[in-house]
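J.: Fold the following.
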Amino acid sequence: MPSFLRLTPRRLKPSTVALPGSKSISNRTLLLAALSDNACIIRSLLQSDDTARMLEALAALGIRTEALSENLSDGLKVHGCGGRFPVGEADLFLGNAGTAFRPLTAALAVLGGRYTLRGIPRMHERPIGDLVDALRCAGADIRYLENSGYPPLAIGRRHDNGTRSVTVNGSVSSQFLTALLMALPLTGEAFEIRVSGELISKPYIDITLNLMVQFGVHVENSAYQTFRLPAAARYHAPAAVNVEGDASSASYFLAAGLLSGCPIRVTGIGRNAVQGDTAFAAELEKIGADIVWGDNFIEASRPANRPIRAFDIDANHIPDAAMTLAVVALAADSPCTIRNIASWRVKETDRIAAMAAELRKVGAGVEEMPDAIRITPPAALTPDAVIDTYDDHRIAMCFSLVSLLGAPITINDPGCVAKTFPEYFQVFESLKA
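T.: Got it, this is the predicted structure:
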């Protein structure tokens, strides 16, 4: 990709977009398949930076995989290790892939060995202390190599101290709970996980629990406050798993249907999808979109004479897709507020601060709060704004939508979309009338 990409104002044509596989499902499925006692074929696997980091780590840990064709999404056969990685000592680089770093930290800490886990500088700024504290309560040996509470980490041998109940803070990242849920069955013991604070992003926990059932482990969920894992659990993979299309990535195309008025359909997800971010489509419907749901598609459009209504949303359930709403707000008929998004602060960048800075460049009035953002749409967009992306794929994809509102815009470092959707800008360009 070039160092910047200028997008001219555009009209769209009715289009269908086949979504790449879900990042959240892809990396969870890879780890569960690796830990299973048999082989599993994963189809429609996302090919991106985040899944590449997970695959590299699993290879370093001794997991054997076989691509069924040159196109990885056609099928990847993962040979499980029966709950214990063949390699007991490794130095793992995981980039900025939280969906790889957090679950691998928990799995390796539970199994024990001699491991280090590192990432890019931003990953070393993303907190992990709540997960480490919970794992230490279960006997894990984890040391901070630089700053307390943050990666990089060194993991040693776990000592079973008899603890069968751990508590984890749920208010920073749901990935901490996901990591514990996936890792503690490897002990073979019955465990109870208690959640302190408000559990954010509950739909992502539903993804984890749904996948664990597919891999043979049933978890008892009591109101998202207490989770009970059975004794003598082991992961056994289905013969084949199909990864759903990425619902977070769908948000850009569904929003394009709303903003342009032109019908845009995404395939790979539908009315029965397990991903919570499909709720984004329902939020668009509230503010003016016509939404059509199918078993394997969602379509968005809007009549030309219907305004885009302002919104005030608690977005705790759709934190990633809610970023797209921040750009949709530019076309609303009055100020909009996105609330309960403190988790934006600890993502690939401080997303509240970053979105506020970049929205101001296109003329919006923005009020930035600790866990919310309020956006006042401008009377006219500032043309030729140059958007900084902070090495954050979602900022790049969000701001591409400004080109549907009559203003040219330049996106710096468009290649950052490789984290989850390497072909995003080519696909976006294909929608042009």
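J.: From now on I want contacts and neighbour counts done on CA atoms only, so please keep to that.
T.: Will do.
J.: For stretch 90-97, give the distance from the opening residue to the closing one.
T.: Taking CA to CA, to the nearest Å, stretch 90-97 runs 18 Å from one end to the other.
J.: Show me what counts as buried in that stretch.
T.: Buried residues in stretch 90-97, counted by 16 or more other CA atoms under 10 Å: 90, 92-97.
J.: Stretch 79-88 now?
T.: Within stretch 79-88, the residues that count as buried by 16+ other CA under 10 Å are 79-85, 88.
J.: likewise stretch 397-409?
T.: Buried, per 16+ other CA under 10 Å, within stretch 397-409: 397-405, 407-409.
J.: for stretch 409-425, same thing?
T.: Buried, per 16+ other CA under 10 Å, within stretch 409-425: 409-422, 424-425.
J.: Can you flag which of those belong to strands?
T.: Secondary structure of the buried residues of stretch 409-425 is defined by DSSP state E; positions in strands are 409-412.
J.: Taking those, tell me the two that lie furthest apart.
T.: Ile409 and Asn412 (9.9 Å; CA to CA).
J.: Take stretch 331-348, keep the C-alpha atoms, and write them as CSV.
T.: The C-alpha atoms that make up stretch 331-348 are tabulated as CSV, following Å, rounded to 0.1, in the frame of the first residue of the first chain:
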residue,chain,number,x,y,z
ALA,A,331,-24.5,13.1,8.4
ALA,A,332,-27.0,13.2,11.2
ASP,A,333,-29.6,15.9,11.6
SER,A,334,-28.3,17.0,15.1
PRO,A,335,-25.6,16.1,17.6
CYS,A,336,-24.9,12.4,18.5
THR,A,337,-23.4,10.7,21.5
ILE,A,338,-21.7,7.4,21.9
ARG,A,339,-21.5,6.3,25.5
ASN,A,340,-19.9,3.6,27.7
ILE,A,341,-16.9,3.1,25.5
ALA,A,342,-14.0,3.4,28.0
SER,A,343,-12.5,0.3,26.4
TRP,A,344,-11.7,2.4,23.3
ARG,A,345,-8.9,3.9,25.4
VAL,A,346,-6.9,0.6,25.6
LYS,A,347,-7.4,-0.6,22.0
GLU,A,348,-4.9,-0.3,19.1
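J.: re the thing from before, need the overlap of contacts for Ile409 and Asn412.
T.: Jointly contacting Ile409 and Asn412 under the rule CA atoms under 8 Å, 6 or more residues apart in numbering are 386-387.
J.: Could you pull up the residues touching Gly119?
T.: With CA under 8 Å, 6+ apart, Gly119 has these contacts: 93-96, 151-152.
J.: 7 Å instead?
T.: Residues counted as contacts of Gly119 (CA atoms under 7 Å, 6 or more residues apart in numbering) are 93-96.
J.: per-residue confidence at it?
T.: In this model, Gly119 is scored at 98, pLDDT.
J.: quick one on the thing from earlier: save the buried residues of stretch 397-409 as a markdown table, and put in pLDDT, secondary structure and distance to Cys336 too.
T.: Converted to a markdown table, those look like this (pLDDT from 0 to 100; DSSP: H, G, I helix; E, B strand; the rest coil; distance: CA to CA, whole Å):
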| residue | pLDDT | secondary structure | distance to Cys336 |
| --- | --- | --- | --- |
| Met397 | 98 | helix | 20 |
| Cys398 | 98 | helix | 16 |
| Phe399 | 98 | helix | 17 |
| Ser400 | 98 | helix | 20 |
| Leu401 | 98 | helix | 17 |
| Val402 | 98 | helix | 17 |
| Ser403 | 98 | helix | 20 |
| Leu404 | 98 | helix | 19 |
| Leu405 | 98 | helix | 17 |
| Ala407 | 97 | coil | 20 |
| Pro408 | 98 | coil | 23 |
| Ile409 | 98 | strand | 22 |
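J.: Quick check: the two most widely separated of the residues you listed?
T.: Pairwise over the buried residues of stretch 397-409, using CA to CA, the maximum falls at Met397 and Ala407, 15.7 Å.
J.: From Ser249, how far out is the residue located most distally from the centre of the chain?
T.: The centre of the chain is farthest from one residue, Asn305, which by CA atoms, centre = their mean lies 34.7 Å away. Relative to Ser249, Asn305 is positioned 27 Å away (CA to CA).
J.: again with Ser24
T.: 11 Å.
J.: Over to the residue nearest to Ile287 when sequence neighbours are not counted. Which of the three states is it?
T.: Once flanking residues are discounted, Ile287 sits nearest to Arg309: 4.6 Å by CA to CA, 6 or more residues apart in numbering. On the three-state scheme (DSSP: H, G, I helix; E, B strand; the rest coil), Arg309 is labelled coil.
J.: Can you give me the neighbour number for Arg309?
T.: 17 (other CA atoms under 10 Å).
J.: Check Ala396 too.
T.: Ala396: 24 surrounding residues under other CA under 10 Å.
J.: Spatially nearest residue to it, not counting backbone neighbours?
T.: In space, and not counting its chain neighbours, Ala396 is closest to Thr389: 5.6 Å by CA to CA, 6+ apart.
J.: OK, contacts around Ile63?
T.: Neighbours of Ile63 in contact, by CA under 7 Å, 6+ apart: 34, 79-81.
J.: Those in strands, which ones?
T.: Those of the contacts of Ile63 lying in strands (DSSP E): His79.
J.: Please tell me how far the residue lying closest to Arg126 once chain neighbours are set aside sits from Leu61.
T.: Ranked by CA to CA, 6+ apart and with sequence neighbours excluded, the top spatial neighbour of Arg126 is Val346, at 5.7 Å. In this view, Val346 and Leu61 are 28 Å apart by CA to CA.
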